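Asker: Just need the structure, nothing else, for what follows:
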Amino acid sequence: MPAIRTIFWDVGGVLLTNAWDRKERASALERFQLDEKEFHDRHEMVVSSFERGKITLDEYLDRTVFYRPRPFTREGFRDYMFSLSQPLPEVPRFAQALADSGKYFMSTLNNESRELNDYRIEKYGLRKIFSLFVSSCFVGFRKPEHDIYRVALEITQVPAEQCCFIDDRALNLECAAKLGMKTIEMKRLEQLREDLAKLGVTL
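Answerer: Now for the predicted structure:
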């Protein structure tokens, strides 16, 4: 089995809580008393552009929330969105240890809008762990689309069989596996350690 040289990590659901997924959106809808169906319909129409970096956070909010007067401010809503991001216990520390070992090239491979992505990178010191950020908002493709995995491989110039991709959703792993990458579905830290060890990835 070829040695693993590059490890690609999903961010939301693996290293941190999700940035703006169902749970986070539901929390915001409840806090700000927004109509769920109305918001969901508008969100679905623009989320692809939002996560591909085609529209800004302000443009997203214009289309999903502030298309009518609200009893709360844009700044208050933005701040609440950002506040929902939290690290998952111990996983960032483990990723940092792998990076510090110097054995592996570390990269993210995630779907995220630009402003939330930038905030999370800065807030949680992800530049200390990762040398590359293959984020949907930067490359214009989203998982599980084939092209985001292709771009990741082309940028790193590492053969697919020497790459491992970690994600918490099976669907996002399927295309990576078809390209020849080793894949791990993240459920808990100890399971992740064991599955990486089976691939020869150790501290």
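
Asker: now the longest helix seen in the chain: mean pLDDT?
Answerer: Identified as the longest helix of the chain according to DSSP state H is helix 36-51. The pLDDT scores in helix 36-51 average 98.

Asker: I'd like the next helix or strand past that helix.
Answerer: Using DSSP states H and E, the helix or strand that directly follows helix 36-51 along the chain is helix 57-64.

Asker: Could you pull out the buried residues of that following helix?
Answerer: Within helix 57-64, the residues scored as buried using 16 or more other Cβ atoms under 10 Å are 57, 60-61, 63-64. Every residue, glycine included, has its C-beta placed from N, CA and C.

Asker: ok so, going back, centre of the chain to the longest helix of the chain, how far?
Answerer: 18 Å (Cα atoms, centre = their mean, to the nearest Å).

Asker: Can you give me the buried ones in that helix?
Answerer: Buried-residue list, helix 36-51, by 16+ other Cβ under 10 Å: 39-40, 42-43, 46-47, 50-51.

Asker: just those now: which is nearest Val14?
Answerer: For the buried residues of helix 36-51, the minimum distance to Val14 (Cβ to Cβ) is 16.7 Å, reached by Glu51.

Asker: In PDB, please show the C-alpha coordinates belonging to the helix or strand where Ala95 lies.
Answerer: Following DSSP H and E, one finds Ala95 within helix 91-101. C-alpha atoms of helix 91-101 as PDB (Å, rounded to 0.1, in the frame of the first residue of the first chain):
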ATOM      1  CA  VAL A  91      -9.700  16.900  16.900                       C
ATOM      2  CA  PRO A  92      -7.900  20.200  16.000                       C
ATOM      3  CA  ARG A  93      -5.200  19.300  18.500                       C
ATOM      4  CA  PHE A  94      -4.700  15.900  16.900                       C
ATOM      5  CA  ALA A  95      -4.500  17.500  13.400                       C
ATOM      6  CA  GLN A  96      -1.900  20.000  14.800                       C
ATOM      7  CA  ALA A  97       0.200  17.100  16.100                       C
ATOM      8  CA  LEU A  98       0.100  15.400  12.600                       C
ATOM      9  CA  ALA A  99       1.100  18.700  11.000                       C
ATOM     10  CA  ASP A 100       3.900  19.200  13.500                       C
ATOM     11  CA  SER A 101       5.300  15.700  12.800                       C
END
